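quick one: sequence and predicted model below, then my questions.
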Amino acid sequence: MEPWNVLLASHVIAALFVLAIGPVQILRRHRDRIHRTMGHLWVAAMYYVCFSSFWIVTDGHFSWLHGLSAFTIVTVTLGLISAVRRNIPAHRGNMIGSYIGIAVAFGFAVSVPGRGIPRLLAEDLPTAMFVAALVALTVGVVFISLRRGGRSLNRSESKGPAASLAERDAGHAAEAAAKVDG
């Protein structure tokens with residue numbers, strides 16, 4: 001296994017990001033703008049994890065994990081196409097299957113001695129914990145930001161742009177009346 005470098009570190013961070021977003025996407029009841037936005041982030045990170053894996057080789061040889069990466073590229077793409085075509089059962093099946101695949105690959109990457117992650121855990125546990133916490137915090141911030149943005153956006157969208165302008169004008173009128181009364 002090669003020493004840690006930018007490609008390997010970014011691959012691991014993207015994989016952790018994918019692992020963290022997966023349960024949020026799978027277990028959340030609402031399939032809304034937040035689901036779509038986080039799904040786009042998940043798909044982009046998943047493609048990065050899969051494609052970058054082809055440059056991460058041991059002794060110049062591919063492993064079964066590279067076959068899993070190729071298969072995952074296909075299943076993520078099929079899941080994305082299914083979502084666009086509104087074939088929700090196929091979308092769900094491909095995306096959950098892709099998530100299970102990356103979870104298996106992560107389990108292998110963490111548990112096999114001699115690989116980069118177990119060495120990092122043994123040699124520099126604080127750094128590994130810091131990266132994992134940073135990824136979890138990032139997913140939390142993205143999710144909360146989307147929720148907050150969704151609330152304010154949804155309120156104005158549900159009533160339409162004209163209603164938003166009318167509400168603003170009514171607010172200004174109320175402020176002006178309060179100044180006259182006060």
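Nice, I can see it.

residues in contact with the most centrally placed residue in the chain?
What sits nearest the mean C-alpha location of the chain, by C-alpha atoms, centre = their mean, is residue 42, with 3.5 Å. When contacts are counted by C-beta atoms under 8 Å, 6 or more residues apart in numbering, residue 42 touches 18, 21-22, 25. All C-beta spots, glycine's among them, are computed from the backbone N, C-alpha and C.

cool, residue 80 as well?
By C-beta under 8 Å, 6+ apart, the neighbours of residue 80 are 43, 91.

just to revisit the earlier point, ok, and the most crowded of the contacts of residue 42?
The residue in those with the most neighbours, by other C-beta atoms under 10 Å, is residue 18 (26 neighbours).

quick revisit: can you list which of the contacts of residue 42 are found in strands?
Among the contacts of residue 42, no residue falls in strands (DSSP state E).

mind jotting down where the helices sit in the chain?
Read by DSSP state H, the chain holds these helices, from start to end of the chain: 6-27, 33-53, 64-84, 88-111, 116-123, 125-159, 161-181.

need the contact list for the residue nearest to residue 37 when sequence neighbours are not counted.
Beyond its immediate neighbours in the sequence, the residue positioned closest to residue 37 (C-beta to C-beta, 6 or more residues apart in numbering) is residue 146, lying 5.6 Å away. Remark: with contacts taken as C-beta under 8 Å, 6+ apart, residue 146 is in contact with 33-34, 37-38.

can we see that at 10 Å?
For residue 146, the contact set (C-beta atoms under 10 Å, 6 or more residues apart in numbering) comprises 32-38, 41, 153.

export the helices of the chain to TSV and tack on mean pLDDT?
Compiled in TSV, the helices of the chain are given as follows (pLDDT from 0 to 100):
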stretch	mean pLDDT
helix 6-27	88
helix 33-53	92
helix 64-84	93
helix 88-111	90
helix 116-123	71
helix 125-159	71
helix 161-181	54
